[in-house]
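Trainee: kindly return the folded structure for what I paste below:
(2 chains)
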Amino acid sequence: MSSQNLELTIGWLYPTLMSTYGDRGNVITIERRAEWRGYDVKVLPLDQNATAADIKTVDVIVGGGAQDRQQEIVMRDLQGAKADAMREKIENGTPGVFTCGSPQLLGHYYEPGLGQRIDGLGILDLVSVHPGENTKRCIGNLVIEVTASRLARDLKEMTGSTPYLVGFENHGGRTKLGKVEALGRVVYGLGNNGEDGTEGAFYQNAIATYSHGPLLPKNPFVADWLIQTALRLKYQQEISLKPFDDSLAAQAREAMFKRLKVSLPAAAAAKV
Amino acid sequence: MGNKIQFIDRLRLGFAVSVAKSVTFIVRSLRLGAASVLPGSIARRIEPRLLQLLSQQVKNGVILIAGTNGKTTTALLLCTILERKGFRVTHNSTGANLENGLMTALLESTNLLGTLNTDYAILEVDENIVPRVLAPLQPRIILCLNLFRDQLDRYGEVDTISKRWTKVISTLPPETVVIPNADDPTLSNLGQQLPQRVLFFGLNEPEHYLEAIPHAVDSIYCPKCGHSLDYKGVYLSHLGDFTCPQCGFSKSKPTLESSEWSQILVGLYNKYNTLAAATAAIELGVDEVTIRDTINTFQAAFGRAEDLVINGKRVRILLSKNPVGTNETIRVVTQSTDKTTLLVLNDRTPDGTDVSWIWDVDTEKLVERGGTLVVSGDRVYDMALRLRYSQKSPESNLNLIVEEDLRQAIATALEHTPENETLHILPTYSAMLEVREVLTGRKIL
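Mentor: Residues are numbered from 1 along each chain as shown, chains lettered A, B, ... in the order given. Reported below is the predicted structural model:
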């Protein structure tokens, strides 16, 4: 199958309501990396105007963060058939990257610093609580080692080394995981709650993380994993992706590891 | 206003002031910096009510300027207008806009007896400390310029800030004059709720509408009922002509007819700054002729559309510290024919440590036109990646030069700039200070 025939639809959760701080970078990274390889890419906003049928057509889902008021508007809209469609997509393995507020939305509930508890979709077995206006936000550079077993194995296969993700976290809420697998363990930073050393969650092919704004440019192998997984699921065959010159991302990662004085196995640091 | 200070307060104030002045003298004679924060910080320990004791001595009142973008330029314009009328004006002109910076600025105009001798104090105030300083400052006028996402790592969310502002401004005396931006839904709503006298400023020039709503938009939902706002058009970010189809909330009517006013410097954002300062100046009784003359002869504050000539080449510095501001500076660059641009991205405390905002900037517009883009700064690779992902194809006509060393980056950018063109430099705040230091060979702060 030539790449010209392949189509990829990126479903973007509530672009105007849930893009607080650079989250769009994840959409752009997937979009460009697929386009540069010659695929036909469509970005479909999954907002108030979208239907459950629209949700069912997407191949990969990207969700960012929202302010509390916006998150409430989203939760009011994502009910009934639309919520069911979203649940079905994730349960059936549609890959996605959910940063910042989105994991809270996929979890059981989020309790904001002010105001009422906001119920989530209950897809991920996790809960998030904001400990109050006067509690410090979790802010700063973040490095994690991916430990979610299947994802870690896939990424290791793609890059030939232990997968480390470089990001930036900025969240008031603290997340506690239930039975869901963590995305990784914190090497530098605070992660889900600053206490148990876990960061994010991984369920079916959904990647949830506090590493926001954005995760993918500096971890391009995750973007490629999402694209590859989406195409494999859609076309029911193995698709091999053309590699790019990702030296800028490699330099960005090295610069950050050096600055944070994070020492990784030499092979892992250089690979992207 | 007035001079109603108790004798004992006066003594302690005098002591605090003399200590502060000694600190300033020492810092400056040892060339340790401009002493824009430390004196206030020390004096405040001696007299905790310093801000109140100083500001109540300002003869004609304190004018407070808050907002995400444009504080320094608006303050400088208003300052220039008032000085032209012969008033003595105190202004925190170095941009130090937290409490210690405000106090240091006021101390500058205070004599050793603790007497503040000034007609007006124009204070730029960081949006987050507005609630803390309103009570001690008792401003006569509050200018609310805009509220954009900026430095979320420090402050959290736009909604939270506007709620705090409304709450605390409502407690000020009824004669306080509040001048909010009518085109900013959050601030229009704030103005409509206040019991005080409110004058709005804003644009009424549909010919300046953007073609599409830019990505970096914060409030396009009704601040009253949460429904999506209908926009007739957008001037920049979420500033525009809006109504709410559900509850009827809409843009307030500005006092001045914007089309009848020219603007300072380049860029539509400076039109807002012009209108804000002009509305305040008229309220203070300044005649329109003086205001218009000042606008027409205005010079930029450092780093804000500041023009320099370096080695015979023109350089324009356009401070670019958040998505909205940067989209506007990109609009200025792309409207020119100049093809060399230097972007410098730092992530120090004054810049905000989170650089994710660059992904909300529409850098595609800059990349699409080709030319040479040089990048530098602490987060040079983040910026380089943003520009790389702005390219429609993996190969493009863009000449992207990544240079960690700022001095070298500036030299390279200047080399690529032809004699008859202008080099545009888009730095974040701390990067702007560094760029100026390299270009002019001296430190600012």
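
Trainee: longest helix in chain A, please.
Mentor: helix A:220-235 (DSSP state H).

Trainee: for it, packing partners?
Mentor: strand A:7-13, helix A:24-35, strand A:60-63, strand A:96-99, helix A:149-159 (3 or more C-beta pairs under 8 Å, 6 or more residues apart in numbering or on different chains; DSSP states H and E). Using the backbone N, CA and C atoms, a C-beta is placed for each residue, glycine as well.

Trainee: elements contacting the third one?
Mentor: The helices and strands touching strand A:60-63, judged by 3+ C-beta pairs under 8 Å, 6+ apart, are strand A:7-13, helix A:24-35, strand A:96-99, helix A:102-106, helix A:220-235.

Trainee: at 10 Å instead, please
Mentor: Strand A:60-63 is packed against strand A:7-13, helix A:24-35, strand A:40-46, helix A:80-91, strand A:96-99, helix A:102-106, strand A:206-209, helix A:220-235, with contacts defined by 3 or more C-beta pairs under 10 Å, 6 or more residues apart in numbering or on different chains; DSSP states H and E.

Trainee: ranking these by mean pLDDT, which is last?
Mentor: Ranked by mean pLDDT, the helices and strands packed on strand A:60-63 bottom out at helix A:102-106, with a mean of 88.

Trainee: quick one: contacts of the helix or strand just after that one?
Mentor: Following helix A:102-106 in sequence order, the next helix or strand is strand A:109-111 (DSSP states H and E). Residues outside strand A:109-111 that contact it (C-beta atoms under 10 Å, 6 or more residues apart in numbering or on different chains): A:68, A:71-72, A:75, A:101, A:103-104, A:117-120, A:122, A:126-132, A:173-175.

Trainee: re the thing from before, can you put the helices and strands packed on helix A:220-235 in JSON lines and add mean neighbour count?
Mentor: As requested, those are exported to JSON lines (neighbours: other C-beta atoms under 10 Å in any protein chain shown):
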{"stretch": "strand A:7-13", "mean neighbour count": "23"}
{"stretch": "helix A:24-35", "mean neighbour count": "24"}
{"stretch": "strand A:60-63", "mean neighbour count": "29"}
{"stretch": "strand A:96-99", "mean neighbour count": "30"}
{"stretch": "helix A:149-159", "mean neighbour count": "16"}
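
Trainee: got these as CSV, with distance to B:I129 columns?
Mentor: Converted to CSV, the helices and strands packed on helix A:220-235 look like this (distance: least, C-beta to C-beta, whole Å):
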stretch, distance to B:I129
strand A:7-13, 35
helix A:24-35, 30
strand A:60-63, 34
strand A:96-99, 30
helix A:149-159, 44
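
Trainee: filter the contacts of strand A:109-111 down to the buried ones.
Mentor: Buried members of these, scored by 16 or more other C-beta atoms under 10 Å in any protein chain shown, are A:68, A:71-72, A:75, A:101, A:103-104, A:118, A:120, A:126-130, A:173-175.

Trainee: return the subset of these lying in strands.
Mentor: Among these, DSSP state E puts A:118, A:126-129, A:174-175 in strands.

Trainee: list the contacts for the residue in the stretch 101-250 of chain A positioned nearest to chain B?
Mentor: Using C-beta to the nearest C-beta, A:G213 is the residue of the stretch 101-250 of chain A that sits closest to chain B, at 2.7 Å. Going by C-beta under 10 Å, 6+ apart, A:G213 touches A:19-26, A:64-65, A:99-100, A:167-170, B:152, B:354-360.

Trainee: point out where chain B drops to low pLDDT.
Mentor: Within chain B, the segments meeting pLDDT under 70 span B:1-5, B:34, B:149-158, B:214-219, B:302, B:396, B:442-445.

Trainee: longest helix anywhere in it?
Mentor: helix B:7-29.

Trainee: ok, for A:D40, nearest residue in space, not its chain neighbours?
Mentor: Distance criterion C-beta to C-beta, 6 or more residues apart in numbering or on different chains; nearest residue to A:D40, sequence neighbours excluded, is A:E7 at 4.5 Å.

Trainee: repeat for B:E257
Mentor: B:N204 (6.4 Å).

Trainee: quick one: that neighbour and B:D183 touch, right?
Mentor: Yes: between B:N204 and B:D183 a contact is recorded at 9.3 Å, counting by C-beta atoms under 10 Å.

Trainee: neighbour-wise, which of these two wins?
Mentor: Comparing B:N204 with B:D183 by neighbour count (other C-beta atoms under 10 Å in any protein chain shown), the higher total belongs to B:D183, at 28 against 16.

Trainee: show me the contacts for that one.
Mentor: B:146, B:200-204, B:234-242, B:251-252, B:254, B:258, B:272, B:275.

Trainee: which of the buried ones among the contacts of strand A:109-111 are close to chain B?
Mentor: A:68, A:72 (C-beta under 10 Å from any C-beta of the partner chain).

Trainee: now for B:N117, how many residues are close by?
Mentor: 12.

Trainee: repeat for A:K179
Mentor: Residues near A:K179, counting by other C-beta under 10 Å: 8.

Trainee: what are the phi and psi values at it?
Mentor: The phi and psi values for A:K179, taken as degrees, to the nearest 10, are phi -90, psi -10.

Trainee: isn't it right up against A:H108?
Mentor: No: between A:K179 and A:H108 there is no contact under C-beta under 10 Å: 11.7 Å.

Trainee: overlap of the contact sets of these two?
Mentor: In contact with both A:K179 and A:H108: A:124-126, using C-beta under 10 Å, 6+ apart.

Trainee: so where do the helices sit in the stretch 1-150 of chain B?
Mentor: Ranges of helices in the stretch 1-150 of chain B, per DSSP state H, counting those that start in this stretch, are B:7-29, B:38-46, B:50-55, B:71-84, B:99-108, B:130-137.

Trainee: other SSEs contacting the third one?
Mentor: Using 3+ C-beta pairs under 10 Å, 6+ apart as the contact criterion, the neighbours of helix B:50-55 among helices and strands are helix B:7-29, helix B:38-46, strand B:62-66, helix B:99-108, strand B:120-125, helix B:130-137.

Trainee: check contacts around residue 231.
Mentor: By default, I'm working from chain A. A:L231 neighbours (C-beta under 10 Å, 6+ apart): A:1, A:3, A:6-8, A:34, A:39, A:59-60, A:95, A:237-241.

Trainee: um, chain B though
Mentor: B:Y231 touches B:185, B:209-210, B:213, B:220, B:238-243, B:251, counting by C-beta under 10 Å, 6+ apart.

Trainee: how about those, which pair is most distant?
Mentor: Based on C-beta to C-beta, the longest span within the contacts of B:Y231 runs between B:L210 and B:T243 and measures 17.9 Å.

Trainee: for the residue of the stretch 251-400 of chain B found nearest chain A, which non-adjacent residue is spatially closest?
Mentor: The nearest approach of the stretch 251-400 of chain B to chain A comes at B:S356, 2.7 Å away (C-beta to the nearest C-beta). Excluding its sequence neighbours, the residue lying closest to B:S356 (C-beta to C-beta, 6+ apart) is A:G213, at 2.7 Å.

Trainee: where does that neighbour land on pLDDT?
Mentor: Predicted confidence (pLDDT) for A:G213: 74.

Trainee: separation between it and A:D154?
Mentor: Here A:G213 is placed at a distance of 24 Å from A:D154 (C-beta to C-beta, to the nearest Å).

Trainee: swap in A:V27?
Mentor: Relative to A:D154, and taking C-beta to C-beta, A:V27 is found at 22 Å.

Trainee: can you redo the shared contacts of A:K179 and A:H108 as CSV with pLDDT?
Mentor: Shown next, in CSV, are the shared contacts of A:K179 and A:H108 (pLDDT from 0 to 100):
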residue, pLDDT
A:L124, 95
A:D125, 96
A:L126, 96
